[in-house]
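1. Predicted model and sequence below, questions to follow.
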Amino acid sequence: MNRFFASFLIFTTIFSFSYLEGREICNPEFTLDTPTINFQTTTDNDKRSVHVFFDGSLSMQGFVKNQPGQKNLFVNVIDDLQQIAENVGNKTYYYRFGKTIKAMKEHEVVRVIKPSFYKCPEAATDCVLDNQETRLDLPFKATKIDEEATYIIVTDLFIENKQLVGGKLQQITKPLKGILKRGQSIGIIGVMNSFNGTIYGIPLSAGGTASYSSAQLRPFYILVIGDQKNINRIKKNLEEQHFIDPEDNYKFSLITSTPVSQNLNINKKLTEDNINKISKAENFKFTYVDSNLPLYQFDTDKKRKIKFKIKKSEIIVPGSTGVSEYRIDDSLWSSNEVKCKKIIKNETWRSGKKENRSKAKPTDKELVVNILDLKKLLRGFRYFYLVNVYAEKPGNLSEETFKDWSISDPDAEAFKDQNPVEFKTLNLTKIIKILNSVANESFKPTLIASIALDFNLIK
């Protein structure tokens, strides 16, 4: 999938006279933006290393102890994680993190599914402190070890608000910016799992923290940092091997600064069907001209409503935050000469003033662009209309995806006092908002499609 958005390049395309069988083409001179999506294909021959980080905090211990009557996916997933890592990399490295990061040997991974992995030896003061912290910024910073690698972080994402403000917040956001600016993405896989242990660090309104030991269910998370293709490969592997029963409750979201999957012109995905019923217009012709620009030619009257439609599944990366705002950049030319033979390049074409003649109207499944209002144009003229559709702002779908699994600091104490069986994740929504915010900073407006209309307004 796409790795990074290159900076916008502009090239000037001068359209000269050319004739196809049937209707003539005589376009005005204009500048066409170059698509900016940079595709990078990852193949098995290009496998890089994989770095796997296990959260060693004491609250994680409850995932490895079976809860009667509840399914334990955590143990099964960790058992297979070595094989999953091998599917996307040629060498795997393992680490335990808390207050610090400690490297693990491959044979030590089996300890991750045992309670002793989360305990500290008696009188080991440093270890006691270590297993009571989740320094998520540490594995984020470690991504600088190899910027081409894939990073997998297994954690409960249970982070107190004091770790998400001021200097400590910057410790998280700074490495995230580096990750997203270099074109990598962050996949969040959340799994509701059986839990039989103690949750520490629940903030109290009077100050300090409390613990809770009555939860039977609680989500854990697998964060995957790297190429979108590898993230989706790991997700698919988990779905096929572990999330197979209808009662398995898991969520997925892709935090990325590149939520647009392709430019439709490069791959020639645009057809006459993208404009509803346009092929039934008089003297209709559809063709691709220079630079993969689809050209719709036809004669029409003022009654025609032109709607350009794109399926979101064709332009949005699956599972990503999506696009929340689109921009239309358009240009209109007119000529009182209907026949191409009488149109002398730009001497006959007259450029209209710059204004927003078309509007984007996204729906749940489609991006609809209402093109022009023909009633505002004069009859008896030939018109040439160029439309560029851009993704202007990324969305925040991931916040809604995980909203029901999140509890904020101020509400945590009251939630605990309700003696819930299923315990939520502290500040999860806030964490995802932070991730989205960083992704938004790295996002660049992206050209999705360009189309041209050449038509005679005859009635």
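-> Nice, thanks for sending it over. Residues are numbered from 1 along each chain as shown.

2. all helices of the stretch 151-300 of the chain, in order?
-> Ranges of helices within the stretch 151-300 of the chain are 166-181, 228-241, based on DSSP state H, counting those that start in this stretch.

3. typed the wrong thing, it's the stretch 1-150 of the chain
-> Going by DSSP H, counting those that start in this stretch, the stretch 1-150 of the chain shows helices at 73-88, 125-130, 137-142.

4. hang on, the earlier thing: take the helices of the stretch 151-300 of the chain and lay them out in a markdown table including mean neighbour count and mean pLDDT.
-> Where you see a C-beta, it was placed from the backbone N, CA and C, and this is true even at glycine. Output for these, formatted as a markdown table (neighbours: other CB atoms under 10 Å; pLDDT from 0 to 100):
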| stretch | mean neighbour count | mean pLDDT |
| --- | --- | --- |
| helix 166-181 | 16 | 87 |
| helix 228-241 | 19 | 92 |
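
5. Next, count neighbours for the nearest residue to A281 once chain neighbours are set aside.
-> Spatial nearest neighbour of A281, excluding adjacent residues (CB to CB, 6 or more residues apart in numbering): F298 at 3.7 Å. Around F298 there are 22 other residues, counting by other CB atoms under 10 Å.

6. Would you check that F298 makes contact with I458?
-> No: if you go by CB atoms under 8 Å, F298 and I458 don't touch, sitting 10.2 Å apart.

7. any weak-confidence spans in the stretch 251-400 of the chain?
-> For the stretch 251-400 of the chain, residues meeting the criterion pLDDT under 70 lie at 341-347.

8. just the strands in it please.
-> 282-289, 293-300, 306-311, 323-335, 350-351, 359-362, 366-371, 381-394 (DSSP state E, counting those that start in this stretch).

9. What of the stretch 1-150 of the chain?
-> Ranges of strands within the stretch 1-150 of the chain are 2-5, 10-13, 18-19, 24-25, 30-33, 37-39, 48-55, 89-97, 101-104, 150-155, based on DSSP E, counting those that start in this stretch.

10. that older thread, between the strands of the stretch 251-400 of the chain, which one is nearest to R96?
-> strand 381-394 (33.6 Å; CB to CB).

11. so how far is the closest one off the chain centroid?
-> Here the centre of strand 381-394 is set off from its chain's centre by 24 Å, with CA atoms, centre = their mean, to the nearest Å.

12. re earlier: kindly present the strands of the stretch 251-400 of the chain as TSV, with separate columns for distance to G56.
-> Output for the strands of the stretch 251-400 of the chain, formatted as TSV (distance: least, CB to CB, whole Å):
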stretch	distance to G56
strand 282-289	57
strand 293-300	55
strand 306-311	45
strand 323-335	37
strand 350-351	65
strand 359-362	44
strand 366-371	45
strand 381-394	33
